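Colleague: Can you look at this prediction? I've put the sequence above it.
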Amino acid sequence: MSPRVAILISGGGSNMVTLVQAMQSGEINATPVLVISNIPTAGGLTKARALNVEPIAIDHRSYKGDRTAFEADLHAILTKNSVDIICLAGFMRILTSEFTKKWDGKVLNIHPSLLPKYKGLHTHQRAIDAGDSHGGCSVHIVTSELDDGPVLGQTSVQIMADDTADDLAARVLIQEHKLYPAVLADFINQL
């Protein structure tokens, strides 16, 4: 039986679409069962519906800063739907150690830098400002430390002399769409 995957997003969901399509085509031996966003108006929820994957919004703002309550509801939905693997794809919430311990080794994330460089936000601008020759993206296992789990795969992208952060981000995103499905497929094949 193929693993059941939930994808967590906060925005447009381009990486989510790539993962869902790879699962639906059989490229990845898994079933996409949920797309969950902490932003009810996230464009990715509409895309999930169009791909026949159940979209769910859990508005983090309604919890008024109570991350434990937000994560308890998130965990309940994931458990109720028998989710085996969680893929973070532009999910802009930091998960607590309590949550990551419950899902230890079962949460993957795509991050727009060559980890361990540039954890957190503004990764492309930070790489440019540092004078790096390359930026890129990494898929890693999520742990209680921000962007710190074991790296499962990386792709580098050359930084051009006249690059803006947006220029670099656009080229990195193309590579994210290739890297994430490939790493998820390998991860599942090793289960």
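Modeller: Done, it's in.

Colleague: What segments of this structure are helices?
Modeller: Secondary structure of the chain (DSSP state H): helices at 14-25, 43-50, 67-80, 97-102, 123-129, 165-189.

Colleague: Can you list the neighbours in contact with the first one?
Modeller: So the one you mean is helix 14-25. The contact list for helix 14-25, computed with Cβ atoms under 8 Å, 6 or more residues apart in numbering, reads 5, 7, 9, 28, 30-32, 35, 44, 47-48, 51, 53, 87, 89-90, 110, 173, 176-177, 180-181, 184-185. (C-beta placed from N, C-alpha, C; glycine too.)

Colleague: try 7 Å
Modeller: For helix 14-25, contacts defined as Cβ atoms under 7 Å, 6 or more residues apart in numbering pick out 5, 7, 9, 28, 30-32, 35, 44, 47-48, 51, 53, 87, 89-90, 110, 173, 176-177, 180-181, 184.

Colleague: got a list of what Thr143 touches?
Modeller: With Cβ under 7 Å, 6+ apart, Thr143 has these contacts: 100, 149.

Colleague: Now render the helices of the chain as a markdown table, adding distance to Leu115.
Modeller: Converted to a markdown table, those look like this (distance: least, Cβ to Cβ, whole Å):
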| stretch | distance to Leu115 |
| --- | --- |
| helix 14-25 | 16 |
| helix 43-50 | 23 |
| helix 67-80 | 23 |
| helix 97-102 | 16 |
| helix 123-129 | 10 |
| helix 165-189 | 12 |
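
Colleague: export the ones you listed to a markdown table and tack on mean neighbour count, mean pLDDT and distance to Leu146?
Modeller: Output for the helices of the chain, formatted as a markdown table (neighbours: other Cβ atoms under 10 Å; pLDDT from 0 to 100; distance: least, Cβ to Cβ, whole Å):
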| stretch | mean neighbour count | mean pLDDT | distance to Leu146 |
| --- | --- | --- | --- |
| helix 14-25 | 21 | 98 | 19 |
| helix 43-50 | 18 | 98 | 22 |
| helix 67-80 | 15 | 98 | 14 |
| helix 97-102 | 15 | 97 | 11 |
| helix 123-129 | 19 | 98 | 12 |
| helix 165-189 | 18 | 98 | 18 |
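
Colleague: Tell me which of those helices approaches Glu145 most closely.
Modeller: Shortest separation from Glu145 across those is recorded for helix 97-102, at 8.6 Å, computed as Cβ to Cβ.
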